[in-house]
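[1] Let me see the structure of the following:
(one chain, ligands or ions: 1)
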Amino acid sequence: MSSQIEPRVLFTRDEIAATVEQLAAEISNDYRGKNPLLVGILKGSFMFMADLIRLLDFLLEVEFVRLSSYGSGRETSGKVRVLQGLQSSINGRNVLVVEDIVDTGITVNFLLDYLRKGKPASLKLCALADKPSRRKVPVTIDYLGFTVPNKFIVGYGIDWDERFRNLPDICVLEEED
Ligand code: PRP
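    Below you'll find the predicted structure:
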């Protein structure tokens, strides 16, 4: 019999909602009145960003950049490509990067370096999930939702070969007979 790859729930939609609420409370405390610019990394962050900003009831702006370092496989190529950059200046702005998952750290490390060149007033990182066991470059996560094991994570925006982004829970992919 051939084995199939099946998602198994790691964090439920309710756990995600509670965590996003906590992150929103912290971010509100720190950014209310500062008109921050939230920069999401596409595609993975779109769902997290959508839920997060609905809980932030103060003036803010949203931008997306599109980066990619993974091809069609599970391993990062190590080389980040900017598929779509920022549309406006971040000079003097309070910038908060919103990422779905930090794995090797190569993607956010690249983006933070890229954004620093735009001379923001402040630059911080919010990540829904962190997989520290895979880190290749050091990354400081200022607002973190979940720490995840060294397994392939999908759902809530995160894909495997473009699949499973639509799962409402955060799942791990496991082989099943
Ligand atoms: C995934 C994920 C993060 C990055 C994390 O993006 O969304 O952006 O990889 O990995 P790293 O810490 O090892 O760099 P991907 O390049 O697969 O693009 P996607 O967001 O469009 O799925």
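[2] for the protein, what spans make up the helices?
    Along the chain, counting by DSSP state H, helices occupy 13-31, 46-53, 106-116.
[3] Give me the buried positions along the last one.
    Taking 16 or more other C-beta atoms under 10 Å as the neighbour-count basis, helix 106-116 is seen to contain the buried residues 106-112, 115. C-beta here means a position set from N, CA and C on the backbone, and glycine is covered the same way.
[4] just stretch 167-177 next, same as before
    Buried-residue list, stretch 167-177, by 16+ other C-beta under 10 Å: 167, 169-173.
[5] Repeat that for stretch 20-38.
    By neighbour count, with 16+ other C-beta under 10 Å as the criterion, the buried positions of stretch 20-38 are 20, 23-24, 27, 31, 36-38.
[6] Run through who's touching it.
    The contact list for stretch 20-38, computed with C-beta atoms under 8 Å, 6 or more residues apart in numbering, reads 48-49, 51-53, 55-63, 90, 93-98, 120, 126, 128, 143, 145.
[7] Would you mind checking those for buried ones?
    Counted by 16+ other C-beta under 10 Å, the contacts of stretch 20-38 give 48-49, 51-53, 56, 60, 63, 90, 93-98, 120, 126, 128, 143, 145 as buried.
[8] distance of the residue nearest to Glu176 when sequence neighbours are not counted from Leu144?
    Beyond its immediate neighbours in the sequence, the residue positioned closest to Glu176 (C-beta to C-beta, 6 or more residues apart in numbering) is Glu6, lying 4.7 Å away. Summarising the geometry, the distance separating Glu6 from Leu144, computed by C-beta to C-beta, to the nearest Å, is 27 Å.
[9] So for these two, which residue has more residues nearby?
    Of the pair Glu6 and Leu144, Leu144 is the one with more neighbours under other C-beta atoms under 10 Å, namely 16 against 11.
[10] Many thanks, I have nothing further to ask.
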